[in-house]
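Student: Only the shape, not the letters, is given here:
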Ligand SMILES: C=C1C[C@]23C[C@H]1CC[C@H]2[C@@]12CCC[C@@](C)(C(=O)O1)[C@H]2[C@@H]3C(=O)O
Ligand SMILES: O=C(O)CCC(=O)C(=O)O
Ligand SMILES: [Fe+2]
């Protein structure tokens, strides 16, 4: 078991917060999944998040500016081949296309972090989300064997290769972003070391829905990471919350990746790079897929505000990644404020 999985073992969830609906068997949206409908109306699709070209000689400055003003940006020229993304998507589609009863063979265990199930944030909401996920931390072989006893190798190879490439990209992005904060090479290498990091890959599926305006794909949340690298398939649905504006749609563009600041970078940057609240609401009935890769320091790493100039005071106290996960599991969006000095 990876140290990151262990960090999630402390608060086992009830099975009804893990087992998704049998989406194939319903013709109408059950009451358990009906959310107040106002959310379907309020997004702004005229504004768009910044795009950063990783090959741009000014990438450091552009990334710093994007993190400061939006907390989220699209990255292009990121070096991840389109074929690689396509393969992961196709394996994810193969998994989510299995009959519900079959997918339940790989159900996340109550104290576990990996496998098939509802989003971890489910217990915080009285209505269920129109969502199913599959969480991978390193090798998915145990769960893949449960799904395909004789044919799991390809799934594992594709998921492991993607995590390796995503980790390299996450490290590159983190190094550039921390450079924009004026951190020294030495400080940067303490936060970002290729050898050890906590990472997770989340395959998200928002199944076909007879009435998309009444459901919530993924409820508003910030990620518990330094940063998250997201690939969305062709369908709209992701929205981010921008202060003074409201919900802003983030449309998928072919081959680009969405990067967002998570809570741990929020703390590390002393709130200069705020973590961004986001959600998934779709207007389409069709199934939507996304792939989210979460990058964090090792679980025993202590995160605290860095690179403060003499005029700045730290706004957050030091917290280990493990403790932050623990507090977030109990308090969700209040977690950050609990570490405020
Ligand atoms: C490494 C991570 C990050 C997790 C928990 C664990 C594995 C699954 C991730 C997600 C994916 C879906 C949204 C989220 C909010 C959720 O419910 O599960 C994420 C959560 C977090 O960012 O806190
Ligand atoms: O599906 C999406 O576009 C967003 C997924 C997400 O926010 C997550 O997995 O944390
Ligand atoms: Fe997220």
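Tutor: The structure has been received and is ready for your questions. None of the values given here were measured: they were computed from a predicted structure. Ligands and ions are numbered 1, 2, ... in the order given.

Student: hey, let's count contacts and neighbours off CA atoms from now on
Tutor: OK.

Student: give me every residue that touches the residue positioned nearest the centre of the chain.
Tutor: When Cα atoms, centre = their mean is applied to the chain, the residue found nearest the centroid is residue 292 (4.6 Å). Counting by Cα atoms under 8 Å, 6 or more residues apart in numbering, residue 292 makes contact with 201, 202, 203, 204, 228, 229, 230, 231.

Student: Mind giving me the packing neighbours of whatever helix or strand the last one lives in?
Tutor: So the one you mean is residue 231. Using DSSP states H and E, residue 231 maps to strand 227-232. For strand 227-232, the packing partners by 3 or more Cα pairs under 8 Å, 6 or more residues apart in numbering; DSSP states H and E come out as helix 153-180, strand 257-261, strand 288-296.

Student: now this structure, which segments are flagged as low pLDDT?
Tutor: When residues are selected by pLDDT under 70, those of the chain lie in 38-45, 194.

Student: Which positions in the stretch 101-250 of the chain make contact with ligand 1?
Tutor: With Cα under 6 Å from any ligand atom as the criterion, the stretch 101-250 of the chain meets ligand 1 at residues 119, 120, 121, 135, 200, 202, 221, 223, 224.

Student: cutoff 8 Å now
Tutor: Applying Cα under 8 Å from any ligand atom, we find that the stretch 101-250 of the chain lies next to ligand 1 at 113-114, 118-122, 133, 135-136, 198-202, 204, 218, 221-225.

Student: show me where the chain has helices.
Tutor: In the chain, the segments counted as helices under DSSP state H are 3-9, 59-69, 82-96, 100-103, 141-147, 153-180, 185-191, 263-268, 321-331, 335-338.

Student: Need the winner for burial among those.
Tutor: Ranked by mean neighbour count under mean count of other Cα atoms under 10 Å, the helices of the chain are led by helix 263-268, which reaches a mean of 27.

Student: And the contacts of that one?
Tutor: Where contact means Cα under 8 Å, 6+ apart, the residues beyond helix 263-268 that reach it are 222-227, 272-275, 296, 303-306, 315-316, 321, 336.

Student: In strands, which of these fall?
Tutor: Under the assignment DSSP state E, the contacts of helix 263-268 contribute 227, 296, 303 to strands.

Student: Up against ligand 2, what does the stretch 101-250 of the chain have?
Tutor: Neighbours of ligand 2 within the stretch 101-250 of the chain, by Cα under 8 Å from any ligand atom: 202-206, 217-218, 221-223, 228, 230-232, 237-239.
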